[in-house]
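Fold the following and give me the result.
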Amino acid sequence: MYAVFKTGGKQYRARQGDRLRIEKIDASEGDAVEFDQVLLVGEGGSVTVGKPLVEGGRVQATVRSQAKADKVSIIKFKRRKNYLRMKGHRQHYTEIEVTGIVGA
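Numbering: from 1, shown residues only. Have a look, this model is predicted:
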């Protein structure tokens, strides 16, 4: 069984046992979290699509780690104008492991 759920302004497709990197949430490592904004639940030919959410749908997961992604370099450069601006950014993320999917 798989589900499509929404968190942090993004949508994720998950199966039980999957590890996902989602936008940072306030939870410690080892905590159990639950996502109730489930858009779709399905298995094979039987798919339940929400309007807009699946009634009673939940994705249960445990937090594996809180970390930062690799650095992304931002460079602004104009040739022959003595203009160079360099900046870096590391996005925070939460790694979760899906432990269960409850669908209607």
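
Does Arg21 lie in a helix or a strand, and which?
strand 19-23 (DSSP states H and E).

any idea how far the lowest-mean-pLDDT helix or strand in the chain is from the chain center?
Within the chain, no helix or strand scores below strand 46-49, which has a mean of 92 by mean pLDDT, DSSP states H and E. Averaging C-alpha positions (C-alpha atoms, centre = their mean, to the nearest Å) puts strand 46-49 21 Å from its chain's average.

Which strands border it, and is each parallel or antiparallel?
strand 38-43 (antiparallel) (DSSP bridges).

From Gln60, how far out is the residue nearest to the spatial centre of the chain?
Residue closest to the mean C-alpha point of the chain, counted by C-alpha atoms, centre = their mean, is Ile22 at 2.6 Å. Separation of Ile22 from Gln60 (C-beta to C-beta, to the nearest Å) stands at 14 Å. All C-beta atoms are positioned from the backbone trio N, CA, C, and that covers glycine.

for the residue nearest to the centre of the chain, what are its contacts?
Contacts for Ile22 (C-beta atoms under 8 Å, 6 or more residues apart in numbering) come out as 7-8, 10, 12, 93-96.

any idea which helix or strand carries the residue lying closest to Ile74 once chain neighbours are set aside?
Counting by C-beta to C-beta, 6 or more residues apart in numbering, Lys87 is the residue found nearest to Ile74 once chain neighbours are left out, at 4.5 Å. Secondary structure assignment for Lys87, by DSSP H and E: strand 83-89.

May I see the buried residues of that strand?
For strand 83-89, the neighbour count (16 or more other C-beta atoms under 10 Å) marks no residue as buried.

neighbouring contacts of that strand?
Contacts for strand 83-89 (C-beta under 8 Å, 6+ apart): 71-77.

Determine the set of other helices and strands touching the helix or strand just after it.
With elements assigned by DSSP H and E, the helix or strand that comes after strand 83-89 is strand 92-102. Applying 3 or more C-beta pairs under 8 Å, 6 or more residues apart in numbering; DSSP states H and E, we find strand 92-102 packed against strand 10-15, strand 19-23, strand 58-68.
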